[in-house]
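Colleague: predicted model, plus sequence, below.
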Amino acid sequence: MADARRDADPTPGGRPPADLLYVPVRPHRRCCVTCFFRTPGGRRTAVAFTSCARLLAALGQDHPWIRLSATALRALTAPLGCTTITVDPQVAARPGASRTPRAGPGRSLLPGARAN
């Protein structure tokens, strides 16, 4: 019996995708859209995490996500003018906050950042 990992859709080079990232998305009509954020300096950035646990800890247990390679994420975001990917960002917590804030309107994923 063949190894299922070898039978997975390989990349054009014949190798299976390596280093898949967990990318937060939001539902939009009948599809999912990549979430963009802004760095403290104001640059637009795509965000990805190296584990599902890190994504859920930063964005909450119910936040939707997909798995993409860094190459695929860059290919999706570059035409939209976003050329930066931030991997494993820490959530910016307000001093004295009792729980981890979630990204969203008025809340920041990156220190000093604004969500798009």
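Modeller: Nice, thanks for sending it over.

Colleague: find the nearest non-adjacent residue to residue 64, please.
Modeller: Computed as C-beta to C-beta, 6 or more residues apart in numbering, the closest residue to residue 64 that is not its neighbour in sequence is residue 25, at 5.3 Å. (Glycine included, C-beta is placed from N, CA and C.)

Colleague: what's the helix or strand harbouring the one you found in contact with?
Modeller: Under DSSP states H and E, the secondary-structure element containing residue 25 is strand 21-28. If you take C-beta atoms under 8 Å, 6 or more residues apart in numbering as the criterion, strand 21-28 is touched by 32-35, 46-52, 54-55, 59, 63-70, 73, 87, 103.

Colleague: same thing but at 7 Å, please
Modeller: Applying C-beta atoms under 7 Å, 6 or more residues apart in numbering, the contact partners of strand 21-28 are 32-35, 47-52, 55, 59, 63-70, 73, 87.

Colleague: buried ones in it?
Modeller: Neighbour-count burial for strand 21-28 flags 21, 22, 23, 24 (criterion: 16 or more other C-beta atoms under 10 Å).
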